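got a predicted structure here, sequence first:
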Amino acid sequence: MPTDPAPLTVFDAVRRAVNACDPDGTSAAGADVLARFEDRDEPLAGLEDPDRQLAEAFGALDPQEEDPEMQMIRAVATYLAFRRDEAADSDESLVALAARAEYEGSPPDHVRAWLDERGAAR
């Protein structure tokens, strides 16, 4: 019996997050993230503490949390760990929902500037 929605692997969620944050596929941050997670084929829902595990993995890529795109890729992937039913939402919607969830409506200035550049509501 199929599940609804289909289970997401860690890599699926990260790839969806990269696509939402970098729809043109031109970002170095997106490429770094995809390379870091390419072998993570376990179900996202099966992670014991997805927020912590994703934060640790992204911390290795952006330890000072200086890259706003990297931070939003992490936020979207983390959001999908709890709301996989929204993986098919539009990029704009997914980014806005993840920003609200991650930063409770008050992202740091560098993330806010990145969101504003994209025209993403927060």
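Perfect, I can see it now. Residues are numbered from 1 along each chain as shown.

so where is the chain shaky, pLDDT-wise?
Counting by pLDDT under 70, the chain contains low-confidence residues at 1-6, 121-122.

rerun that using 80 as the cut-off
Within the chain, the stretches with pLDDT under 80 are 1-7, 120-122.

what about the helices in it?
10-21, 28-37, 50-61, 68-82, 91-103, 109-118 (DSSP state H).

let's see the longest one as PDB, backbone CA atoms only.
Spelled out, it's helix 68-82. Extracted in PDB, the C-alpha atoms of helix 68-82 (Å, rounded to 0.1, in the frame of the first residue of the first chain):
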ATOM      1  CA  PRO A  68      22.400  33.100   3.800                       C
ATOM      2  CA  GLU A  69      21.700  30.700   0.900                       C
ATOM      3  CA  MET A  70      23.300  27.800   2.800                       C
ATOM      4  CA  GLN A  71      21.200  28.700   5.900                       C
ATOM      5  CA  MET A  72      18.000  28.800   3.900                       C
ATOM      6  CA  ILE A  73      18.800  25.400   2.200                       C
ATOM      7  CA  ARG A  74      19.200  24.000   5.700                       C
ATOM      8  CA  ALA A  75      16.000  25.700   6.800                       C
ATOM      9  CA  VAL A  76      14.100  24.200   3.900                       C
ATOM     10  CA  ALA A  77      15.500  20.700   4.400                       C
ATOM     11  CA  THR A  78      14.700  20.900   8.100                       C
ATOM     12  CA  TYR A  79      11.200  22.100   7.300                       C
ATOM     13  CA  LEU A  80      10.700  19.200   5.000                       C
ATOM     14  CA  ALA A  81      11.700  16.800   7.800                       C
ATOM     15  CA  PHE A  82       8.500  17.900   9.600                       C
END
